[in-house]
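J.: My questions concern the predicted model and sequence given below.
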Amino acid sequence: MKIKKLAAVLFSALMMFSMAACSAVTIDGEGGSGKDQDAAAANSSSTGSGSVGMSVSTLNNPFFVSLSEGAQEAAKEKDVQLIVVDAGDDAAKQTNDIEDLISKNISVLIVNPVDSDAVAPAVKDAVAKGIKVVSVDRVVNGVDVDCAIASDNVAGAAAATEYLVGLIGEGAKTAELQGVSGASATIDRGEGFHSIADEKLDVVSSQTANFSRSEGMSVMENVLQANPDIQGVFAHNDEMALGAVEAIGNKGILVVGFDATDDALNAVAEGRMAATVAQKPDLMGATAVETAVKLIAGESVEKEIPVEVELVTE
């Protein structure tokens, strides 16, 4: 009887030991030893979930809609999860959007800044978490991103201004409609414009219209009241240029824009706009996602990828 009891006790102890051993094997299979688990956790924090987050300055602009669509098409082709968020041209909202994307454990952040300075702290947070960063169309000031994809805004604006000078003549009174203050596209296009205009034109007004068609129209109306004899307008994007065209009516003032959106191309073809600078936002979006996929795979990428621009005239 005692032997039976002893056997039962030994059997129970053996079963408990076996169950404990099985539990240990399961944990090791999922995460390895303590050190291996720590290494795996560190690796996970640096590589993320394999998804890509994309913060766009605004989807209330055809240019950035095309940018987003190009990115989404590339994401489908590459079979990668892409999360697109719209900042609505609000720098504070963009900061919150990026922090939210970071919390989703993304592997790569694609950012199209509302404001190149204001977005920097949030992007630095992403970098600190091991997230790779690709800027698109606009730069992030003060942050060493993994790749910057953009058109040559300075050269495009300079070419557009040279063309305008050829149409209205040197010394002609000209107005400049500027984009969102602080955006790198605004800075670069302004630089390209003034590199020519300051020497060859009489720039009587430079005002911000925030890349908006409605603001472009209202600002242009005010410019015309103060300067009814202007002959040309350079707008930092087509939306503002089209707003200016509406304000100008049949006054014969020549308007040059930037982006080559469908509405602008139609306006150029119809003679309502003198010219626009063609970018390829869909290609920029696709290139950004393709670059993100390479970064996730651990491949090296170019620090800067330029996208060509072209002047489009009638």
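T.: Yes, it's here. Numbers count the residues shown, from 1 in each chain.
J.: residue contacts, residue 68?
T.: Listed by C-beta atoms under 8 Å, 6 or more residues apart in numbering, the contact set of residue 68 reads 54, 56, 59, 84, 285. C-betas here are computed from N, CA, C, even on glycine.
J.: From residue 190, how far off is residue 101?
T.: Counting by C-beta to C-beta, to the nearest Å, the gap between residue 101 and residue 190 amounts to 30 Å.
J.: neighbour-wise, which of the two wins?
T.: Neighbour comparison, residue 101 and residue 190: the larger count goes to residue 101, with 25 against 20 (by other C-beta atoms under 10 Å).
J.: May I ask you to confirm that that one is in contact with residue 56?
T.: No. If you go by C-beta atoms under 8 Å, residue 101 and residue 56 don't touch, sitting 11.7 Å apart.
J.: any residues in contact with both of the two?
T.: The contact sets of residue 101 and residue 56 overlap at residue 85 (C-beta under 8 Å, 6+ apart).
J.: Run through who's touching stretch 202-211.
T.: Counting by C-beta under 8 Å, 6+ apart, 58, 61, 89, 171-181, 183, 190, 194, 197, 215-216, 218-220, 222-223, 226-227, 230, 235-237, 239-240, 243 sit against stretch 202-211.
J.: Could you list the low-pLDDT ranges of this structure?
T.: Counting by pLDDT under 70, the chain shows low-confidence ranges at 1-47.
J.: All the strands of it, residue numbers only.
T.: Along the chain, counting by DSSP state E, strands occupy 52-56, 82-86, 108-111, 132-136, 147-151, 173-178, 202-208, 232-235, 254-256, 275-278, 304-307, 310-313.
J.: CA atoms only: put the fourth one into CSV for me.
T.: Read that as strand 132-136. Output of strand 132-136 as CSV, limited to C-alpha atoms (Å, rounded to 0.1, in the frame of the first residue of the first chain):
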residue,chain,number,x,y,z
LYS,A,132,12.9,55.4,-41.0
VAL,A,133,11.7,58.8,-42.5
VAL,A,134,11.1,59.8,-46.1
SER,A,135,10.2,63.4,-46.8
VAL,A,136,8.3,64.1,-50.0
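J.: Could you pull up phi and psi at the residue nearest the centre of the chain?
T.: Nearest residue to the geometric centre of the chain (C-alpha atoms, centre = their mean): residue 112, 1.8 Å. Dihedral angles of residue 112 (phi, psi; degrees, to the nearest 10) stand at phi -120, psi 90.
J.: Done for today, thanks.
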